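Novice: Below are the sequence and a predicted model; questions follow.
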Amino acid sequence: MSAIEKNTRTELSRGELAAVAARVYAGERLSREDGIRLFESQDLLGIGFLADLARRRAWGDDVYFINNAHINHTNVCQNLCDLCAFGKQAGSPEAYTLTLDEVEAKARAAAAAGVTEMHIVGGLNPELPYDYYLDLLRTVREAAPQACIQAFDAVEIDFIATQAGRPVADVLQELRQAGLDSLPGGGAEIFAPEVRRRLCAKKIDGQRWLLVHETAHRLGIPTNATMLYGHLETAADRVDHLLALRELQDRTGGFLAFIPLAFHPANTAFSNLPGTTGVEDLKMLAISRLLLDNFRHIKAFWIMLGPKLAQVALHFGVNDLDGTVREEHIFHDAGAATPQYQPAASFLRSIRAAGRIPVERDTLYREVRRYA
Ligand code: SF4
């Protein structure tokens with residue numbers, strides 16, 4: 001143990017986080033009360049130290065990134081959630097839906113750039129028939145055969161199944177036969193019912209979101225999980241959300257990664273809110289690592305945080321920086337000022353400068369290349 005680590009442990013054992021720190025050192029699971037105490041603490045570096053320790057001890061020094069591309073196939077959405085800057089009413093001048101030819105062109109361009117993941121999410125467009133989703137997946141599978149397809153969050157899956165009048169399990173199986181490999185983690189927002197109602201009244205509730213993911217896991221389809229924070233939620237809401245994910249992960253083991261998403265208020269009904277600060281973002285990531293002891297991957301989504309803060313997050317429990325992305329609409333419509341693309345060389349530089357080992361992965365976290 002280094003002198004710095006020894007001193008930090010001594011400091012922590014004398015302060016407000018002494019009991020939490022003792023449980024982390026002992027490798028014990030943290031409780032709801034521990035989680036709330038962590039969120040209420042101002043000791044960012046102490047929390048980061050504990051998260052870094054938990055990450056290093058359980059999962060090692062590898063940091064993952066992926067060569068991926070996003071397709072947002074439609075922004076037409078019947079929900080028009082107050083939290084969203086992306087969804088548009090059908091017929092509005094900004095509304096669009098990609099044809100299958102346009103999807104194919106995007107997938108071919110991504111394939112030519114060597115992507116190993118196509119990430120596909122969009123609005124709830126009531127004009128699209130069930131076959132559109134199957135054909136979209138088949139088109140991408142054919143145009144980019146080497147890429148995993150991570151498509152349609154739980155809200156979209158529920159919508160597609162409801163529109164088709166089919167059970168979620170049947171729809172997931174048919175989507176898988178058409179090319180689906182994994183579900184992204186979007187749409188979770190915050191499970192707390194009252195806050196959720198104010199943010200996105202028409203969206204499926206937290207229980208339904210969890211059920212869609214559980215159904216996918218039981219069918220052998222892995223998924224990601226998210227939480228939107230930095231809006232109206234309390235510390236207890238955040239902890240309860242994380243614990244609901246931890247409980248499902250205990251039962252299924254089907255989550256690949258957790259991605260806390262900082263709320264971007266621009267162009268939403270909450271544009272009066274200030275957004276998160278860097279300290280809040282780092283604390284959120286570190287506490288996620290500490291509470292989600294059964295999630296291997298905690299991801300800092302650089303598109304939302306910016307590449308520099310995402311790099312610093314590698315010392316706050318993070319071991320995944322997402323990927324090259326190339327084209328992204330959902331968070332940029334809500335005011336994200338980051339670039340749309342980050343080359344692999346930039347990930348290598350950033351990860352190495354943080355003293356860690358870059359590993360390029362695919363969607364399922366299989367190694368594509370390890371950079372010594
Ligand atoms: S958050 Fe999702 S469901 Fe809500 S309006 Fe935006 S795209 Fe539609």
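Specialist: Alright, I've got the coordinates.
Novice: Pick out the residue of the stretch 201-350 of the chain closest to the ligand.
Specialist: residue 203 (5.7 Å; C-beta to the nearest ligand atom). C-betas here are computed from N, CA, C, even on glycine.
Novice: Is that residue in contact with residue 154, as I believe?
Specialist: No. Using C-beta atoms under 8 Å, residue 203 makes no contact with residue 154, being 9.8 Å away.
Novice: Tell me which of those two has more neighbours.
Specialist: Set side by side, residue 203 and residue 154 show more neighbours around residue 154, with 27 against 23, by other C-beta atoms under 10 Å.
Novice: Contact partners for that one?
Specialist: Each residue near residue 154 by C-beta atoms under 8 Å, 6 or more residues apart in numbering is listed here: 183, 186-188, 204, 208-209, 212-213, 223.
Novice: Roughly how far does residue 22 sit from the ligand?
Specialist: Separation of residue 22 from the ligand (C-beta to the nearest ligand atom, to the nearest Å) stands at 41 Å.
Novice: circling back: wait, is the residue of the stretch 201-350 of the chain closest to the ligand part of a strand?
Specialist: No. Looking at residue 203 with DSSP: H, G, I helix; E, B strand; the rest coil, it is coil, so not inside a strand.
Novice: ok, back up a step: so for residue 203 and residue 154, which residues contact both of them?
Specialist: The contact sets of residue 203 and residue 154 overlap at residue 187 (C-beta under 8 Å, 6+ apart).
Novice: Mind listing the residues bridging to the residue minimising distance to the centre of the chain?
Specialist: Centrality entry for the chain: nearest residue to the mean C-alpha point is residue 259, 3.2 Å, by C-alpha atoms, centre = their mean. When assigned by DSSP bridges, residue 259 has beta-bridge partners residue 226.
Novice: Need the pLDDT of it.
Specialist: Looking at residue 259, its pLDDT stands at 97.
Novice: With residue 339 instead?
Specialist: Reported pLDDT at residue 339 in the predicted model: 71.
Novice: what's the helix or strand for it?
Specialist: In the assignment (DSSP states H and E), residue 339 maps to no helix and no strand.
Novice: burial count for it?
Specialist: Using other C-beta under 10 Å, residue 339 has 14 neighbouring residues.
Novice: Equivalent analysis for residue 248, please.
Specialist: Number of residues near residue 248 (other C-beta under 10 Å) recorded here: 20.
Novice: Assumed it was part of a helix.
Specialist: Yes. Residue 248: assigned to a helix according to three-state DSSP.
Novice: Hmm, residue 213 and it touching each other?
Specialist: Yes. In this structure, residue 248 is within contact of residue 213 by C-beta under 8 Å, at 6.6 Å.
Novice: which residues do the two both contact?
Specialist: 254-255.
Novice: got a list of what the residue nearest to the centre of the chain touches?
Specialist: Counting by C-beta under 8 Å, 6+ apart, residue 259 has contacts 185, 224-226, 298-299, 301, 322.
Novice: if you set the cut-off to 10 Å instead, what comes out?
Specialist: Neighbour list for residue 259: 184-186, 188, 224-227, 285, 288, 297-301, 304, 320, 322 [criterion: C-beta atoms under 10 Å, 6 or more residues apart in numbering].
Novice: How about residue 173?
Specialist: Residue 173 touches 167, 180, 215, 219, 221, counting by C-beta under 10 Å, 6+ apart.
Novice: what's the farthest-apart pair in those?
Specialist: Spatially, the most separated pair among the contacts of residue 173 is 167 and 180, at 16.0 Å (C-beta to C-beta).
Novice: okay, these two: which has more neighbours?
Specialist: residue 180 (26 against 11).
Novice: I figured residue 347 was touching residue 65, is that so?
Specialist: Yes. The criterion here is C-beta atoms under 10 Å, and residue 347 meets it with residue 65 at 4.2 Å.
Novice: okay, and the common contacts of these two?
Specialist: Common neighbours of residue 347 and residue 65 (C-beta under 10 Å, 6+ apart) are 302, 321-324, 358-360.
Novice: Neighbour-wise, which one of the residues you listed leads?
Specialist: Going by other C-beta under 10 Å, residue 323 tops the shared contacts of residue 347 and residue 65 with 28 neighbours.
Novice: looking at it, that residue is touching residue 64, isn't it?
Specialist: Yes. The pair residue 323 / residue 64 is scored as a contact, 9.0 Å apart, by C-beta under 10 Å.
Novice: intersection of neighbour lists for these two?
Specialist: Each of 299, 347, 360-361 lies in contact with both residue 323 and residue 64 under the rule C-beta under 10 Å, 6+ apart.
Novice: could those residues go into JSON lines alongside secondary structure?
Specialist: Output for the shared contacts of residue 323 and residue 64, formatted as JSON lines (three-state DSSP):
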{"residue": "299", "secondary structure": "strand"}
{"residue": "347", "secondary structure": "helix"}
{"residue": "360", "secondary structure": "strand"}
{"residue": "361", "secondary structure": "strand"}
